[in-house]
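just coords:
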């Protein structure tokens with residue numbers, strides 16, 4: 001894999017925020033430790049991995065659904081390094097094929113979902129439902145937004 005491809009995947013996943021998503025997810029878990037029997041490193045590790053992979057899948061999903069609209073954006077050079085470390089939208093600029101992004105979404109979300117299913121029931125099912133709902137809402141929002149921006153692109 002070339003340096004340019006690695007940079008493209010960094011921009012696609014927004015990996016610079018890798019620590020944020022587990023922190024958000026773990027805050028709820030840490031609140032539950034008192035109620036459900038105390039601290040557990042294995043559970044913390046699982047939850048952090050679920051959050052990281054699940055949120056990364058969401059970022060890639062966002063770009064995947066939005067790739068055609070992003071490709072029509074004429075201000076590609078105006079991206080901030082905050083969200084895109086190397087200032088690119090890799091799917092819109094065709095640095096990463098859409099099929100590769102789709103495979104990445106499926107792999108990240110599947111591993112995350114498999115880890116969710118190792119959590120105690122019924123909590124695992126609720127988390128899985130929330131995860132699936134979140135991805136569905138992301139797709140719905142992006143499609144509605146794209147139709148609003150370019151109504152002739154139905």
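That came through, no problem. Everything quoted here is computed from the prediction, not taken from an experiment. Numbering: from 1, shown residues only.

where does this structure have low pLDDT?
Filtered on pLDDT under 70, the chain yields the residue ranges 74-82, 146, 148-154.

report the longest helix in it, please.
When the chain is parsed with DSSP state H, its longest helix is helix 123-149.

Give the buried residues for that one.
Within helix 123-149, the residues that count as buried by 16 or more other C-beta atoms under 10 Å are 127, 131, 135, 138, 142, 146. For the C-beta atoms, the positions are set from N, CA and C on the backbone; glycine is no exception.

Would you check how far apart the third one and residue 108 are?
The span separating residue 135 from residue 108 equals 11 Å under the rule C-beta to C-beta, to the nearest Å.

Overlap in contacts, those two.
Counting by C-beta atoms under 8 Å, 6 or more residues apart in numbering, the residues touching both residue 135 and residue 108 are residue 57.

Excluding chain neighbours, what is closest to residue 89?
residue 70 (4.8 Å; C-beta to C-beta, 6 or more residues apart in numbering).

Could you say which helix or strand holds the one you found?
helix 67-72 (DSSP states H and E).

what comes into contact with the helix or strand where residue 22 lies?
According to DSSP H and E, residue 22 maps onto helix 20-33. With contact meaning C-beta under 8 Å, 6+ apart, helix 20-33 is reached by 39-40, 43-44, 47-52, 54-56.

Quick one: neighbours of residue 103, just the number.
Applying other C-beta atoms under 10 Å, we find 12 residues neighbouring residue 103.

I meant residue 20, not that one.
Residue 20 has 13 neighbouring residues, counting by other C-beta under 10 Å.

distance of it from residue 119?
Look at residue 20 and residue 119: by C-beta to C-beta, they are 21 Å apart.

Specify the local secondary structure of the residue of the chain most remote from its centre.
Distance from the C-alpha centroid of the chain peaks at residue 37, with 30.6 Å (C-alpha atoms, centre = their mean). Under the three-state scheme (DSSP: H, G, I helix; E, B strand; the rest coil), residue 37 adopts coil.

could you measure it against residue 47, distance?
Residue 37 is 15 Å from residue 47, by C-beta to C-beta.
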